[in-house]
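1. just coords:
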């Protein structure tokens, strides 16, 4: 149940959110995964529940690590854009389009930073179910 771990596009926030939504599928389905991982009495001899749980745990760890890496990478990229736009704004005080672009990037940066909080909640919920 691997989620996509490809490069995130940080320029388009909607695309960034969609990537995270897809990558959070494992967390959304954690109860289902546990129910299908732990065998019923008739399947106890055919499936190793310890190994299956270990694989589920590792998949969850990988998913959390990948999502956090992508979010932090996009925050870093967007922060650099904001910094550059602020420097340009210092030089050209009267440029309204530059101010508009700066505000847009600042808003996107705040939204990306809030995704770290969402990620923490999603991760905590998954670990509580798995515990």
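-> Alright, I've got the coordinates. In this text, all values refer to a predicted model and were calculated from it rather than measured experimentally. Residues are numbered from 1 along each chain as shown.

2. In the chain, what helix or strand scores lowest on average pLDDT?
-> Here the helix or strand of the chain ranked lowest by mean pLDDT, DSSP states H and E is helix 30-37, holding a mean of 80.

3. The helix or strand following that one vs helix 30-37, what angle?
-> Where DSSP states H and E defines the elements, the next helix or strand beyond helix 30-37 is helix 49-91. The directions of helix 49-91 and helix 30-37 differ by 160 degrees, with axes from the mean of the first three to the mean of the last three CA atoms, to 10 degrees as the criterion.

4. ok, back up a step: which strands and helices lie in contact with the least confident helix or strand of the chain?
-> helix 49-91, helix 96-130 (3 or more CB pairs under 8 Å, 6 or more residues apart in numbering; DSSP states H and E). (Glycine included, C-beta is placed from N, CA and C.)

5. Name the residues of it that are buried.
-> Buried residues in helix 30-37, counted by 16 or more other CB atoms under 10 Å: 30, 33.

6. Hmm, residue 65 and residue 23 touching each other?
-> No - Residue 23 is beyond contact range of residue 65, at 10.9 Å (criterion: CB atoms under 8 Å).

7. For the two, indicate the residue with more neighbours.
-> residue 23 (21 against 11; other CB atoms under 10 Å).

8. can you redo the helices and strands packed on helix 30-37 as JSON lines with distance to residue 10 and mean pLDDT?
-> Below are the helices and strands packed on helix 30-37 laid out as JSON lines (distance: least, CB to CB, whole Å; pLDDT from 0 to 100):
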{"stretch": "helix 49-91", "distance to residue 10": "4", "mean pLDDT": "92"}
{"stretch": "helix 96-130", "distance to residue 10": "8", "mean pLDDT": "93"}
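
9. got TSV for those, with distance to residue 12 too?
-> Below are the helices and strands packed on helix 30-37 laid out as TSV (distance: least, CB to CB, whole Å):
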stretch	distance to residue 12
helix 49-91	11
helix 96-130	9
